[in-house]
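> Okay, predicted coordinates and the sequence, questions at the end:
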Amino acid sequence: MGADWRVLVADDEPAARRGVRQMLATHPAFSVVGECRNGPEVIQSLEALSPDVVFLDIQMPGFGGFEVIRRRTPERMPIVVFLTAYDEFALKAFEAEALDYLVKPVTQTRFDAAIRRVTRRLKASGTAGEARLIVSTLRGAAVLPVREIEWIEAADNYARVWSAGKSYLMRESLAELEHRIGGHGFVRAHRRALVRIHAVRTWSTTPDGDLTVEMESGVRIQVSRRRRASFAKAVAGAAGA
C-alpha cells in the first residue's frame, strides 16, 4: 500500500535532509518525493511535485524559507514545518503560518510530535490523497477539496473559485490551475472558464451551434466554438463512465 501524503525536504545540508528521511521512515503514511538545496529549487519543486508537506530550512543559498513563502504566497503553500539551527525565528515562522518549528539537531521524539500535528491537519483537510486547493477567506487560508468546486473563472492575475455558491480568490492563473487539477474532471469551457464536468446539470445547443451548459448552482456558461467539440466529448464521456 502506498503512502498517503507527499513530503518535500528543503535544506542545504545533506546531513539534515538525510536526518529527516531517517526519522520519517517510521511514519509509512509519508513519502519523500523530492529534496532541495536552495530557495529556487524549492519554488520549482513545489510547482512540479505538489507535496502535501514541506520541511523547510529558514536559511538556504539563493533565498531562504521565508522568501519561499513570500514568493509562493501562503495560500499556495502546502503544510510548512520549518527547520533551523536557531530558535530566534520562531515568532516569525508562526506569523508565516507554519504548522511547526524544529530546531536542529531534531530528536526523534520532537519529530514524531511534529508529524502527529501534521497528520491531524491533513486528516482535517480532507480524505487522504484527495486533490484540494488552498484558498483565501476573510478568516485566513482554507482547504477546499476539488470535488466541491463547481467552476473557476479568470480574474485578472487571480482565479476565482466557485463552490456551493461562494467564491474564493487564488493568486494563480487559470492555466496553472488547469495543469494542476485538469486530471480531476475539469475542462475548459472558454479562455476564461474552467468547469468541473460532474457539476454540469444540463447542456444545450442553439440552432446556430452555440453550446451552453447549466451548472448545479444554475449558473449558465457558454462554451467557445473552438472548445465545443472537446468539451462535449468530455461531458459525454463522464456521463457514460
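Structure's in. What do you need?

> Would you map out the domains in this structure?
Per the record's domain assignment (automatic domain parsing), the chain is made up of the domains 5-125, 133-240.

> Point me to the helix or strand that includes the residue lying farthest from the centre of the chain.
If you look at how far each residue of the chain sits from its centre, by CA atoms, centre = their mean, the farthest one is residue 207, at 41.0 Å. With elements taken from DSSP states H and E, nothing contains residue 207; it lies in neither a helix nor a strand.

> Mind listing what's buried along the lengthiest helix in the chain?
With DSSP state H applied, the helix covering the greatest number of residues in the chain is identified as helix 108-125. Neighbour-count burial for helix 108-125, with 16 or more other CB atoms under 10 Å as criterion, is recorded at 111, 114-115, 118-119, 122, 125. Every C-beta, even on glycine, is put in place using the N, C-alpha and C of the backbone.

> got the residues you listed as JSON lines, with distance to residue 55 and pLDDT columns?
JSON lines is the format used below for the buried residues of helix 108-125 (distance: CB to CB, whole Å; pLDDT from 0 to 100):
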{"residue": "111", "distance to residue 55": "10", "pLDDT": "96"}
{"residue": "114", "distance to residue 55": "9", "pLDDT": "94"}
{"residue": "115", "distance to residue 55": "10", "pLDDT": "96"}
{"residue": "118", "distance to residue 55": "10", "pLDDT": "93"}
{"residue": "119", "distance to residue 55": "14", "pLDDT": "92"}
{"residue": "122", "distance to residue 55": "14", "pLDDT": "85"}
{"residue": "125", "distance to residue 55": "18", "pLDDT": "64"}
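
> before we move on, back to that, who touches the longest helix of the chain?
The list of residues contacting helix 108-125 from outside it, by CB atoms under 8 Å, 6 or more residues apart in numbering, reads 4-5, 20, 23-24, 26-27, 29-30, 52-53, 79, 81, 99-100, 102, 128, 132, 143.

> So which of the residues you listed belong to strands?
Of the positions in the contacts of helix 108-125, 5, 30, 53, 79, 81, 100, 102, 132, 143 sit in strands, assigned by DSSP state E.

> For the first one, which non-adjacent residue is spatially closest?
To tie it back to what came earlier, the one meant is residue 5. What sits nearest to residue 5 in space, not counting adjacent residues and going by CB to CB, 6 or more residues apart in numbering, is residue 52, at 4.2 Å.

> wouldn't the one you found be in contact with residue 78 here?
Yes. Here residue 52 reaches residue 78: they are 5.4 Å apart, a contact under CB atoms under 8 Å.

> Quick one: residues contacting the residue nearest to residue 5.
Applying CB under 8 Å, 6+ apart to residue 52 gives the contacts 5-7, 78-79, 122.

> Please pick the buried ones from those residues.
Among the contacts of residue 52, those classed as buried by neighbour count (16+ other CB under 10 Å) are 5-7, 78-79, 122.

> Any chance of JSON lines for those, columns distance to residue 150?
What follows is the buried ones among the contacts of residue 52, written out as JSON lines (distance: CB to CB, whole Å):
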{"residue": "5", "distance to residue 150": "27"}
{"residue": "6", "distance to residue 150": "27"}
{"residue": "7", "distance to residue 150": "31"}
{"residue": "78", "distance to residue 150": "24"}
{"residue": "79", "distance to residue 150": "26"}
{"residue": "122", "distance to residue 150": "24"}
